[in-house]
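pasting a predicted model and its sequence here:
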Amino acid sequence: MTLKDYEIAKELKERLSKTVQLVDFKVFGSRARGDADEYSDMDVFVEDALLDKQLKDNILDVVWEVGFENSLVICPLIFTSYEIEKTSARSSSIVRTIMEEGVAV
């Protein structure tokens, strides 16, 4: 991951932490691997303790704001702790890949 990408992800995590109870936050995909080009989006994994529609909307608002301010499309993948720990989501290929290859911020 480039330093600029890390700084954007760090800013996003800090701003999200003021809104929700973050359990985990990782960057994954091409930006995490370091093979992104100037048009690549930033994929982020967001795990929150509890989530309702209002909190999800708050997350999406913050993600959009940080992306807009940095001229970057940020695509969040949002899960609750319950979904990661107790449902089949934890064994999905995307979640396994994020846990193995995602970059913690």
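Received it, and whenever you're ready, just let me know what you need. Computed from a predicted model, the values in this text were never measured in an experiment.

in three-state terms, label the residue nearest the centre of the chain for me.
Nearest to the mean C-alpha position of the chain, by C-alpha atoms, centre = their mean, lies residue 44 at 2.4 Å. Three-state call for residue 44 (DSSP: H, G, I helix; E, B strand; the rest coil): strand.

name whatever forms a beta bridge with it.
Beta-bridge pairing of residue 44 under DSSP bridges involves residue 27, residue 76.

what helix or strand is residue 65 located in?
helix 53-69 (DSSP states H and E).

so for that helix, what gets flagged as buried?
Under the neighbour-count criterion of 16 or more other C-beta atoms under 10 Å, helix 53-69 has 55-56, 58-59, 62-63, 66-67 buried. Backbone N, C-alpha and C define where each C-beta goes, glycine included.

quick one: contacts of the host helix or strand of residue 99?
When elements are assigned from DSSP H and E, residue 99 belongs to helix 93-101. For helix 93-101, the surrounding residues in contact (C-beta atoms under 8 Å, 6 or more residues apart in numbering) are 26, 28, 32-33, 45, 77, 79, 84, 89.

out of those, which end up buried?
Neighbour-count burial (16+ other C-beta under 10 Å) applied to these gives 26, 28, 32, 45, 79, 84.

just flag the most distant two among these.
Taking C-beta to C-beta as the measure, those span a maximum distance of 18.3 Å, between 32 and 84.

what about residue 18, distance to residue 27?
To residue 27, residue 18 is 19 Å away according to C-beta to C-beta, to the nearest Å.

would you list the buried residues of helix 53-69 in JSON lines and tack on distance to residue 12?
Output for the buried residues of helix 53-69, formatted as JSON lines (distance: C-beta to C-beta, whole Å):
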{"residue": "55", "distance to residue 12": "16"}
{"residue": "56", "distance to residue 12": "15"}
{"residue": "58", "distance to residue 12": "13"}
{"residue": "59", "distance to residue 12": "10"}
{"residue": "62", "distance to residue 12": "7"}
{"residue": "63", "distance to residue 12": "7"}
{"residue": "66", "distance to residue 12": "5"}
{"residue": "67", "distance to residue 12": "8"}
